[in-house]
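Asker: Sequence unavailable; structure follows:
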């Protein structure tokens, strides 16, 4: 199989040349029909995941969770508790897998690194003046370096939506490139904040812009803006990842975040992955789910699958 | 990491009670056929026996028409608001018993449960609701101050959307004050017979709806009966022509909704991912057993390779199999006869030099199955580009300019449907203006709404169903 809309790797090189080339590239991408996109996402939402498939999907979902706390009130103690939960999601059941990462603000990275020890769970830090991104590039880079120096394995940056919406796409691109540079070995997730980009055409352009600029993952949202990771948005971003692979041969990661609270929500995300990019992406290296409360619902559903009845929220830990 | 398969998620068959044998629904009750003849109906997905159904003879049809004539006297004089009450009641019962109808439709027809559940049955309820709303507003429909019903409507419907076609026929007929003798298709009579129960449940006056099951001869008897004032037929163009001959020279009014060879036209500026979904929905929805199917893909040459590549890739993810599984996308072919017709036409594509590609995957051993298939290197002269296949077979033709697309799209004896895929509004309007098709979708395909009239040009028939335009088929249009 070849091609995505007469694209070749050299087109991508050309797109990176300057702002005009980038603009021309993004402009020629096929549009997105909102009605059709929503219909497809809704149709995939009716997939029925039962029995052994459900059990398997729940464990995959747990492995993909970026367990998140992003509050002004975050304390070392709160982060410690979250990390303990990341390592042992269900203290009463050792067969529950670990989550993929713990996601915190930059100043809590040290706490998380210490608490996670050699568990293999990554520490992800939001950076670049998260969630608004309203700071100078200098501050954003400092923010990033600070988190990386503290031991973050992954950086979740936000794009400058103001610049994107006013057409200064070169600036958005350059910022991502600079942050990627500042990341060093840390993986870069680029948050588009789809709720603020508003149209599916914008989301498509921003996805390609981020991929061209060096993102390891494209991520829907900060979780601070609604709407966030809706099924149509996740579907179209997965389609962008799929097309990226077709053109470049390289994998692109994807992270929906924001508003994914129930097992049902998470399973719908995995269905989108399964039917759009394929099972290769059912892997924490390529797909993450950013969430804070989701994990407990996954655990309760898992207990129900195991015991045949609901246990209730008292049987999972509140962190 | 492991491969993910959805576990089987079968809908429960036990929700529906299929009787061992069905009589005819005449004058408000089920009666034994005077013909004393029954035929079998089976599940096309596994060839299992479902039930025996009466094969109505001439005397049975005569009894049904007479019952409809008797009922017409009172029904036609009821105030519209009273008729509306019955239609609203039927609509609500259809919603309440939706799951039962969906399961029965899938068992008898072979279509995936997700379609009968999410498309057919909700649209059926919507049709009754819509026409209930018209029943007391006919004087405002633009057909004169006091539009009158025609009389007894003889309605013959196909097997592809058994219950939905029933609703398209029965709802407007009743709303306008007509009574009905309906002949469901031979291979899919069961949901019509369950609908008869709904008529009883709704307290519909005796004889307003009569249902006579049978094969072609029964349908011909309904059409030929002198007591029938209006004939409505949905089905093949060949049968439609014979009905038109039979009705010619009589007092009978006639509407025909016949075959099609719809063009789905994809321009190079189309929203590509949605266009792919639209192509698939256009031809593989309901196994391609859709008169308005987008069975000809006209794709602009500059993106043809790209579209084909994406289409094939996407087709490998289509789930073909047990129609009762909630995750099935494509179900069974409705009958052995239809399967043979599809095979014969597809084989003609091979012989005439087109290139066949079928989605990989094993088909069930029992039942009637045909893999989703795409033909490329198709020319306008090929049979698969001209004849209605009525199955999951897509013929792909390329074009270079909008004028060429229009020329190719209209180069067919049919004129039922077309689809246009482009992000450019002015192009969509210009194309729609030039297309000789009764239904045209822009950046969509196979979308239905009771308010939107449906019908064809040329050999796709005449008359419209749905909306204000559809009422014309069931009203005498006197001067206002």
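Answerer: It's in. On a predicted model such as this, the values are computed, not experimentally measured, just so you know. Numbering: from 1, shown residues only, chains lettered A, B, ... in the order given.
Asker: Is residue A:303 in contact with residue A:90, as I believe?
Answerer: Yes - Residue A:303 is in contact with residue A:90 according to Cβ atoms under 8 Å; the separation is 7.5 Å. Backbone N, C-alpha and C define where each C-beta goes, glycine included.
Asker: Are there residues contacting both of those two? Which ones?
Answerer: Common neighbours of residue A:303 and residue A:90 (criterion: Cβ atoms under 8 Å, 6 or more residues apart in numbering or on different chains): residue A:316.
Asker: tell me the contacts of the closest residue to residue A:239 other than its chain neighbours?
Answerer: Of all residues not flanking residue A:239 in the chain, residue B:273 sits nearest, at 5.4 Å (Cβ to Cβ, 6 or more residues apart in numbering or on different chains). Residue B:273 makes contacts with A:30, A:32, A:36, A:37, A:40, A:236, A:239, B:310, as judged by Cβ under 8 Å, 6+ apart.
Asker: now the residues you listed as a markdown table including distance to residue B:474 and pLDDT?
Answerer: Formatted as a markdown table, the contacts of residue B:273 follow (distance: Cβ to Cβ, whole Å; pLDDT from 0 to 100):
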| residue | distance to residue B:474 | pLDDT |
| --- | --- | --- |
| A:30 | 44 | 96 |
| A:32 | 42 | 98 |
| A:36 | 34 | 98 |
| A:37 | 38 | 98 |
| A:40 | 37 | 98 |
| A:236 | 44 | 98 |
| A:239 | 46 | 98 |
| B:310 | 44 | 96 |
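Asker: what about residue B:397, neighbour count?
Answerer: Neighbourhood size, residue B:397 [other Cβ atoms under 10 Å in any protein chain shown]: 24.
Asker: Please apply the same query to residue A:50.
Answerer: 14.
Asker: Equivalent analysis for residue A:244, please.
Answerer: Neighbour number of residue A:244 under other Cβ under 10 Å is 23.
Asker: Am I right that it sits in a helix?
Answerer: Yes - according to DSSP: H, G, I helix; E, B strand; the rest coil, residue A:244 belongs to a helix.
Asker: residues from the stretch 151-300 of chain A in reach of chain B?
Answerer: A:236, A:239, A:270, A:274, A:275, A:279, A:282, A:283 (Cβ under 8 Å from any Cβ of the partner chain).
Asker: farthest pair in the residues you listed?
Answerer: Spatially, the most separated pair among these is A:236 and A:283, at 20.7 Å (Cβ to Cβ).
Asker: Spit out the contact partners of residue B:343.
Answerer: residue B:370.
Asker: same question, the one 10 residues further on
Answerer: If you count contacts by Cβ under 8 Å, 6+ apart, residue B:353 has them with B:377, B:379, B:382.
Asker: Apply the buried test to these and list what passes.
Answerer: Taking 16 or more other Cβ atoms under 10 Å in any protein chain shown as the criterion, what is buried in the contacts of residue B:353 is residue B:382.
Asker: for residue 6, what are its contacts?
Answerer: All of this is about chain A. Residue A:6 makes contact with B:302, B:303, B:306, according to Cβ under 8 Å, 6+ apart.
Asker: ah, I was thinking of chain B
Answerer: A:47, A:48, A:49, A:50, A:53, B:327.
Asker: hmm, back to that, which one of the residues of the stretch 151-300 of chain A next to chain B is nearest to residue B:171?
Answerer: Nearest to residue B:171 among those is residue A:275, at 36.0 Å by Cβ to Cβ.
Asker: Identify the residues contacting that closest one.
Answerer: Residue A:275 makes contacts with A:44, A:47, B:317, as judged by Cβ under 8 Å, 6+ apart.
Asker: pretty sure it belongs to a strand, no?
Answerer: No - counting by three-state DSSP, residue A:275 is not found in a strand; it is helix.
Asker: Serialize the contacts of residue B:6 to JSON lines and add fields for distance to residue A:13.
Answerer: Converted to JSON lines, the contacts of residue B:6 look like this (distance: Cβ to Cβ, whole Å):
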{"residue": "A:47", "distance to residue A:13": "39"}
{"residue": "A:48", "distance to residue A:13": "44"}
{"residue": "A:49", "distance to residue A:13": "41"}
{"residue": "A:50", "distance to residue A:13": "47"}
{"residue": "A:53", "distance to residue A:13": "42"}
{"residue": "B:327", "distance to residue A:13": "41"}
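Asker: Which of the residues you listed are buried, as a PyMOL select command?
Answerer: Buried subset of the contacts of residue B:6, written as a PyMOL selection, criterion 16+ other Cβ under 10 Å:
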select buried, (chain A and resi 47+48+49+53) or (chain B and resi 327)
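Asker: Sort the contacts of residue B:6 by pLDDT and name the bottom one.
Answerer: Lowest in pLDDT among these is residue A:50, which has 90.
Asker: Please render the contacts of residue B:6 as CSV that adds secondary structure and distance to residue A:69 to the earlier fields.
Answerer: Below are these laid out as CSV (DSSP: H, G, I helix; E, B strand; the rest coil; distance: Cβ to Cβ, whole Å):
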residue, secondary structure, distance to residue A:69
A:47, coil, 31
A:48, coil, 33
A:49, coil, 28
A:50, coil, 33
A:53, helix, 31
B:327, coil, 36
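Asker: List just the nearest of the contacts of residue B:6 to residue A:112.
Answerer: Nearest member of these to residue A:112, counting by Cβ to Cβ, is residue A:49, at 32.0 Å.
Asker: Show me where chain A has its helices.
Answerer: Secondary structure of chain A (DSSP state H): helices located at A:9-15, A:19-28, A:34-44, A:51-63, A:76-87, A:109-116, A:137-149, A:161-165, A:169-183, A:194-197, A:200-213, A:231-248, A:263-276, A:294-307.
Asker: Could you do the stretch 101-250 of chain B as well?
Answerer: Secondary structure of the stretch 101-250 of chain B (DSSP state H, counting those that start in this stretch): helices at B:113-115, B:121-135, B:162-175, B:190-201, B:216-224, B:237-247.
Asker: Highest mean neighbour count out of those helices?
Answerer: Highest mean neighbour count of these: helix B:162-175, a mean of 26 (counted as mean count of other Cβ atoms under 10 Å in any protein chain shown).
Asker: So which residues of the stretch 351-480 of chain B form strands?
Answerer: Along the stretch 351-480 of chain B, the segments classed as strands by DSSP state E, counting those that start in this stretch run B:355-358, B:373-376, B:393-399, B:417-421, B:439-442, B:461-462, B:475-476.
Asker: what residue is smack in the middle of the chain?
Answerer: Just so you know, I chose chain A. Residue closest to the mean C-alpha point of chain A, counted by Cα atoms, centre = their mean, is residue A:255 at 1.9 Å.
Asker: ah, no, chain B please
Answerer: Note: chain B centre (Cα atoms, centre = their mean) maps to residue B:161, 4.1 Å.
Asker: residue ranges with poor pLDDT in the chain?
Answerer: Using chain A here. Applying pLDDT under 70 to chain A flags the ranges A:1-5.
Asker: I was after chain B.
Answerer: Across chain B, the ranges flagged by pLDDT under 70 are B:1-3, B:478-480.
Asker: Enumerate the residues of chain B near chain A.
Answerer: Going by Cβ under 8 Å from any Cβ, the residues of chain B near chain A are B:1-9, B:114, B:118, B:269-275, B:277-278, B:302-303, B:305-306, B:309, B:313, B:317, B:326-327, B:423, B:443-444.
Asker: PyMOL command for the buried members of those residues?
Answerer: Buried residues among these (16+ other Cβ under 10 Å), as a PyMOL selection:
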select buried, chain B and resi 4+6+7+8+9+114+269+270+271+272+273+274+275+277+278+303+306+326+327+423+443+444
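Asker: now, which of the residues of chain B next to chain A lie within helices?
Answerer: B:114, B:272-275, B:277-278, B:302-303, B:305-306, B:309, B:313.
Asker: Let me know the closest of the residues you listed to residue B:175.
Answerer: Of all these, residue B:175 sits closest to residue B:114, with 29.7 Å by Cβ to Cβ.
Asker: Cool, thanks, signing off.
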